[in-house]
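In: This is a predicted model, with the sequence first.
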Amino acid sequence: MIRLNGREINLESYRVKVERRRLRGIFAQVAEEVGAGIERPIREVGMGGFAELSNSLREAMALHGVRLEPPDGYRSEGMGGVRLGKMRKKLISGVCGGYLQKQESFNGMVSRGLDAASRASQHIFMERGSIEHASWFFSRSRREAIYEGVMLRILEATRGNLVFIGLPGIGAYEKVLEKGRLLEGMDWNENEVFRYQSSYLPASLVRLADLAFLRKLDDCQVLMVCHLEELGCEHLCGILKMAERRLPPQSELWLCLGEEEAEVKKECVRFPGDGDVNIWNEAFLAWLMEERGFQVEKIKVDGCRLLRGRREW
Amino acid sequence: MRVHQILAHFGMGDAVSNQALAIHRVLQGWDLECHIYARSRDGEMASRLALPDTEYQKYRKNREDLLIYHHSIYCENYREFLISRNRKVLIYHNITPAEFFEPYDQEVADQCRKGREILPLFAEGELFLGVSEYNRRELVEAGLPEDRSEVLPILPDLQRLRGEKSDPWLKRIFMDGKTNLLFVGRVMPNKRVEDLICLFHYYHRVINVKSRLVIAGGLFYPYVSRLHALACQLDLGDNLLFLGKIGDISLGTCYRHADFYLSMSEHEGFCVPLLEAFSFGVPVFAYSAGAVPETMGQAGVVFEEKDYPLLSELLENVRSDRLIRERIINAQNLRLEDFSEESFNEKLSSLFWRLLK
């Protein structure tokens, strides 16, 4: 019994809401966590995101004889190009000049370099009057409208449970949920997660720094990464590394890239107020995925570019 | 006639000490000579206001004097009550049942057990006061005569939290647009902070990710380490804040920016923080245990089952519905009037007259 200002309240409408959320799937997991009480052991605490990334880069460099030149498909122009050129030169000379003894600092530089490389492609700065247009162009709502149609096609083309890193939009998300294929949906943006929660949809918050430590992929057949524009290099590398380690055989990793690169570049701008937007080069991402053992296929659905990575083992 | 008040511990901010101070001020206003004594005193201010309990011994034999003993934990100075020839009054603030502490600290559990065991020894007193009806009933159940028992509610010292200053660090944290859920009180096993964390976990994960739980109060470490383990397990990160014992300015800041006050406590003799939350216009959700329903009266939200999903939905409803929120706050303000200085003075004076007759 619950009393509000001394009067017993009718709980029926609240029970309906609880049931509605339970049917949408998140209740069981949280109820289990809460029900487990405080007797459960503390989980193993992992390394910081950066240490993890450094280690993975170190492993990769050792494995591949340290070759960090951007792939052939990668080109840069304009103001950003100068910066990228310098960075590339620094990276390569760093590798060849015996920097391997100082791997920690080198790895840090690599990480910053990759970030700079992706930002370097944002070389066209828009005029002041276009800022509103730009914030619309890079807004989630615009991207989500694109994802909605795309997600249906992906559902048809794949099998098994889906995990979203970066929520694709309420419309698309509901479709996945209706098909009974949603395993987990997470996002790093608190406001976005709250929007989904308010629509009685299961969504959880994940810190960007924790992306490399997600342990929810064991039963996942399709890992879908959306809103790449909001991810930095460390986080993207963390996701790829996690996908390599955790995804079961025959599973797929999808990266949603949005419209044609040329079109994006036209609209490219330093995103006002909300940090930088990373415009990822398609060939570069494909290369990163291949490095992690995925067979990459470039797909275009309704004008939206997607990278589909399959692992065969 | 002098009035002597003896406590186990005197410290600024705790409910027992505040009650002793409130009585002290009223009696001084009646031109009576008053003293407060304690076995231990916390801080410079407390040392100025209270004397060591050994100082009382010289007044033991005065039959004209009045001795008020505040009983809240076992303390050797209760013997002063037994051997004193003063007229004697017991004020019972309740003692947490030992079972709550047994898994964590046997010594504290023993203190609690002994504190309850000695209750019948106070039977020689002339008047037995509980700070709530719940406490008065416990006194009667312990064998003290019902016809000499009464209720003297606590006079909450709300002004101390109402200063203009605020804690800039806390203010910055609180004003980030998140829904702030607050609990104030010592982090002890009877407060069931683990239940609070579980409720918050559900609310945060399922209903409102833009929320945080703030726990302000001294930390009882064997218990707190288990709470940390739970918070870690549930991955609550910086959405759960343990502030430890904080000063009045910081506490005032917490109340000022809190959206809700939550209590899952399973044993309370009165629960002053409920009234503090009332005074800051913070809607209170409290588990119905001990004296909590009595303190809440016809205000706030009182629940008998810890149904996290249901409570979370209700929390969200109150958060988003301005009208319900206002209804709760209005009822809480009304309830607060029952604990005004005037009604406390009136009650104290009627008890005094009863004693003098």
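Out: Received the coordinates, thanks. Residues are numbered from 1 along each chain as shown, chains lettered A, B, ... in the order given.
In: Can you show me the helices along chain A?
Out: Per DSSP state H, chain A carries helices over the ranges A:12-23, A:27-35, A:49-64, A:78-96, A:103-120, A:131-137, A:140-157, A:170-178, A:190-198, A:233-246, A:261-267, A:282-291.
In: Can you check the pLDDT for residue 218?
Out: No chain specified, so I'll use chain A. If you check A:Asp218, the pLDDT there is 77.
In: oops, I was thinking of chain B
Out: Looking at B:Gly218, its pLDDT reads 89.
In: same question, B:Leu119
Out: Looking at B:Leu119, its pLDDT reads 95.
In: Ok, A:Gln29 next?
Out: Value for A:Gln29, per-residue pLDDT: 67.
In: same deal with A:Phe213?
Out: 70.
In: looking at it, it is touching A:Arg245, isn't it?
Out: No - with contact defined as C-beta atoms under 8 Å, A:Phe213 does not reach A:Arg245; the gap is 10.6 Å. (Glycine included, C-beta is placed from N, CA and C.)
In: Tell me which of those two has more neighbours.
Out: A:Phe213 (17 against 12; other C-beta atoms under 10 Å in any protein chain shown).
In: May I have the residues that are in contact with the residue nearest to A:Leu183 when sequence neighbours are not counted?
Out: Ranked by C-beta to C-beta, 6 or more residues apart in numbering or on different chains and with sequence neighbours excluded, the top spatial neighbour of A:Leu183 is A:Asn161, at 3.9 Å. Under the criterion of C-beta atoms under 8 Å, 6 or more residues apart in numbering or on different chains, the neighbours of A:Asn161 are A:181-183, A:219-222.
In: Give the closest residue to A:Phe14 in space, chain neighbours not counted.
Out: Just to correct that, residue A:14 is Tyr rather than Phe. Leaving aside its sequence neighbours, A:Tyr14 sits nearest to B:Glu313 (C-beta to C-beta, 6+ apart; 4.3 Å).
In: host element of that neighbour?
Out: B:Glu313 belongs to helix B:308-320 when assigned by DSSP states H and E.
In: Quick one: mean pLDDT for that helix?
Out: For helix B:308-320, mean pLDDT rounds to 95.
In: for stretch A:232-242, same thing?
Out: 84.
In: Same question for stretch B:88-96.
Out: Mean per-residue pLDDT for stretch B:88-96: 95.
In: Now for the residue of the stretch 1-150 of chain A found nearest chain B: which residues touch it?
Out: Closest approach between the stretch 1-150 of chain A and chain B, counting by C-beta to the nearest C-beta: A:Gly6, at 3.3 Å. By C-beta under 8 Å, 6+ apart, the contact set of A:Gly6 is B:297-299, B:331.
In: From B:Arg136, how far out is it?
Out: Taking C-beta to C-beta, to the nearest Å as the measure, A:Gly6 falls 21 Å from B:Arg136.
In: before we move on, what about B:Tyr104?
Out: Per C-beta to C-beta, B:Tyr104 is found 29 Å from B:Arg136.
In: what do you get for B:Tyr59?
Out: Distance of B:Tyr59 to B:Arg136, computed by C-beta to C-beta: 28 Å.
In: which one of those two has more residues nearby?
Out: Using other C-beta under 10 Å, the more surrounded residue of B:Tyr59 and B:Arg136 is B:Arg136, with 21 against 18.
In: Model confidence for the more buried one, exactly?
Out: pLDDT, B:Arg136: 96.
In: Tell me the secondary structure at it.
Out: Classification of B:Arg136 using DSSP: H, G, I helix; E, B strand; the rest coil returns helix.
In: ok, now which ones touch the residue lying closest to it once chain neighbours are set aside?
Out: Nearest residue to B:Arg136 in three dimensions, chain neighbours excluded: B:Gly130, at 3.4 Å (C-beta to C-beta, 6+ apart). By C-beta under 8 Å, 6+ apart, B:Gly130 lies in contact with B:91-92, B:94, B:136-139, B:149-152, B:269.
In: Okay, and which of those residues map to helices?
Out: In helices, judged by DSSP H, the following of the contacts of B:Gly130 are found: B:136-139.
In: mind listing what the residue in the stretch 1-150 of chain B that chain A sits nearest to touches?
Out: The stretch 1-150 of chain B approaches chain A most closely through B:Pro103 (10.9 Å), counting by C-beta to the nearest C-beta. Residues near B:Pro103 by C-beta under 8 Å, 6+ apart: B:Pro189.
In: With B:Gly11 instead?
Out: Counting by C-beta under 8 Å, 6+ apart, B:Gly11 touches B:17, B:41-43, B:46.
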